[in-house]
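Asker: Just a sequence and a predicted model for now, questions to come.
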Amino acid sequence: MNHEQSRSLYDRALSVMPGGVNSSVRATRPYPFFVDSGDGGHVVDADGNKYLDFVMGYGPLLLGHDLPKQVQSAIQQRASEGPMYGAPTEVEVELAEFVSRHVPSVEMTRFVNSGTEATVSAVRLARGYTGREKIVVMQCGYHGAQESTLVEGKGDDTSPSSPGIPSSFAEHTLTVPFNDKAAVHSVFEEHGDDIAAVLTEPILGNYGIVHPVEGFHETLRDVTEEHGALLIFDEVITGFRVGGLKCAQGKFDIDPDITTFGKIVGGGFPVGAIGGKAEIIEQFTPAGDVFQSGTFSGHPVTMAAGLETLRYAAEHDVYDHVNTLGEQLRAGLTDIVADQAPEYTVAGTDSMFKVLFTREGPDDQTGHCEAGCKQRPDCPRYEYCPKNGSDVKQTETERWERLFWPAMKEQGIFLTANQFESQFICNAHTEEDIEKALDAYKEAL
Ligand code: PMP
């Protein structure tokens, strides 16, 4: 493949943008390809190379790159009527109504402009509502570029994971390993009266794909309720992808107090949202006292894109299609892994998938983490399936990034750039695309 144009664009970018990119994961080695355009389930780069795209913008593009006519015309109409106004519009109300109608725990929504802004605001809201300062997050969990959750360390021995964050901020953030019920109990035994909220993704989607073990979310729900703390589900990735329009909370039948959204709810435009019970969400200004505001929040073009995308998904068999392809892909990958790399693990559910380069496991058992298995103890691979972030950290991350990713790219398959981030199937993908991806995996593995 020729990458001349991308290389020269990257040279220019390096002089004027830090690391040549506007979001760090995009700086793939030795240089990223620059995208010229999207085409259904594919992207075309600046040199005219076409890739089967499983990155899908890191999650927002449920429908792929060719938006259906109803979505396109809603976006174009809004844009042609002036991009935004600094006054409310009907389309914001319609999207909030749609979310309340479909997501079990959500009665009210505040729209913002990114997943990061959503989790920042959700944490402030939980602290304001409870009058407490501490939050509990999962070790290695990711909730965007925000001060309260960029922490490393265990329990109450935490420190900021980036320079530029005062160490005193991390004192208010406690961590537990995902899926560790005992650690949850113990952190609440020690700090229960000071904890405002537990913040977790229902399925870790930024650190491998890690499924909840049976009863983990129920434990979080019970313990938070018992101690007067809130449960915040960060559904920035899983929202309107896992469990369809009911989101992961519907699939797992858990009723969080607050939910953060992003990605799909904006139909490919910058978005975030904080939803939940009216009594809590109404604590945001101007209804309540917890400050929250934004020039671009509820942007009409974004709202129209999100609303029409979700309406389209509701009226067509989008979730059936992407989830069926997801199952086919994971089943095919399972066979390939069993044959070629039995220590590796296939993870994912619905339209999310990832092959994790796990290191151990019995030779005679397939590397299959059954989709949505909730890490069942009767699974033959139960012992070897990653259960939390540190398990994923132990995988062959270097090999994944250095050898596997470029080998897939050279075969025209665009995957997320490291071992950690989930990959996605969109409505424009076809069975042939899945077959092509499986052939490429076979070759690269
Ligand atoms: N929460 C989760 C679970 C995410 O996956 C992300 C982004 N990948 C964020 C928050 C932050 O969202 P954004 O990048 O839109 O700020």
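Answerer: Looks like it arrived, so ask away.
Asker: Name the residues of the stretch 51-200 of the chain found near the ligand, please.
Answerer: 58, 114-116, 119, 142-144 (CB under 6 Å from any ligand atom). C-beta coordinates here come from the backbone N, C-alpha and C atoms, glycine included.
Asker: which one of these is nearest D45?
Answerer: Of all these, D45 sits closest to Y58, with 17.2 Å by CB to CB.
Asker: OK, contacts around that closest one?
Answerer: Residues in contact with Y58 (CB atoms under 8 Å, 6 or more residues apart in numbering) are 25, 263, 416, 421.
Asker: Reformat the residues you listed as CSV; add pLDDT and secondary structure.
Answerer: Converted to CSV, the contacts of Y58 look like this (pLDDT from 0 to 100; DSSP: H, G, I helix; E, B strand; the rest coil):
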residue, pLDDT, secondary structure
V25, 94, helix
K263, 98, helix
T416, 96, coil
E421, 96, coil
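Asker: Among the residues you listed, the buried ones, what's the PyMOL command?
Answerer: Buried residues within those, by 16 or more other CB atoms under 10 Å, are selected in PyMOL with:
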select buried, resi 263+416+421
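Asker: residue ranges for the helices of the stretch 51-200 of the chain, please.
Answerer: All helices of the stretch 51-200 of the chain, identified by DSSP state H, counting those that start in this stretch, fall at 69-80, 90-102, 115-130, 167-170, 181-191.
Asker: Equivalent analysis for the stretch 201-350 of the chain, please.
Answerer: Under DSSP H, counting those that start in this stretch, the stretch 201-350 of the chain gives helices at 216-226, 247-252, 278-281, 300-315, 318-340.
Asker: thinking again about what came up before, tell me the one among the contacts of Y58 nearest to L333.
Answerer: Nearest member of the contacts of Y58 to L333, counting by CB to CB, is T416, at 15.0 Å.
Asker: Can you read off the backbone torsions of the closest one?
Answerer: With angles defined as degrees, to the nearest 10, T416 sits at phi -60, psi 150.
Asker: Would you mind measuring from the residue of the stretch 201-350 of the chain found nearest the ligand to G262?
Answerer: When distances are taken as CB to the nearest ligand atom, the stretch 201-350 of the chain reaches nearest to the ligand at V236, 3.5 Å away. Look at V236 and G262: by CB to CB, to the nearest Å, they are 4 Å apart.
Asker: the more surrounded of the two?
Answerer: V236 (30 against 27; other CB atoms under 10 Å).
Asker: which residues sit in contact with L63?
Answerer: Taking CB under 8 Å, 6+ apart as the test, what L63 contacts is 71, 267, 309, 312-313, 318, 426-428.
Asker: thinking again about what came up before, got the helices of the stretch 201-350 of the chain as JSON lines, with mean pLDDT, distance to the ligand and mean neighbour count columns?
Answerer: Formatted as JSON lines, those follow (pLDDT from 0 to 100; distance: least, CB to the nearest ligand atom, whole Å; neighbours: other CB atoms under 10 Å):
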{"stretch": "helix 216-226", "mean pLDDT": "98", "distance to the ligand": "15", "mean neighbour count": "18"}
{"stretch": "helix 247-252", "mean pLDDT": "98", "distance to the ligand": "11", "mean neighbour count": "23"}
{"stretch": "helix 278-281", "mean pLDDT": "98", "distance to the ligand": "18", "mean neighbour count": "18"}
{"stretch": "helix 300-315", "mean pLDDT": "98", "distance to the ligand": "12", "mean neighbour count": "23"}
{"stretch": "helix 318-340", "mean pLDDT": "96", "distance to the ligand": "18", "mean neighbour count": "19"}
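Asker: Those: which one's closest to E107?
Answerer: helix 278-281 (4.3 Å).
Asker: Show me what the closest one is packed up against.
Answerer: strand 108-112, helix 115-130 (3 or more CB pairs under 8 Å, 6 or more residues apart in numbering; DSSP states H and E).
Asker: if you set the cut-off to 10 Å instead, what comes out?
Answerer: strand 108-112, helix 115-130, strand 258-262, strand 272-276 (3 or more CB pairs under 10 Å, 6 or more residues apart in numbering; DSSP states H and E).
Asker: can you redo the ones you listed as JSON lines with mean pLDDT?
Answerer: Formatted as JSON lines, the helices and strands packed on helix 278-281 follow (pLDDT from 0 to 100):
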{"stretch": "strand 108-112", "mean pLDDT": "98"}
{"stretch": "helix 115-130", "mean pLDDT": "98"}
{"stretch": "strand 258-262", "mean pLDDT": "98"}
{"stretch": "strand 272-276", "mean pLDDT": "98"}
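Asker: Now do the buried residues in stretch 393-403.
Answerer: 395-397, 400-401.
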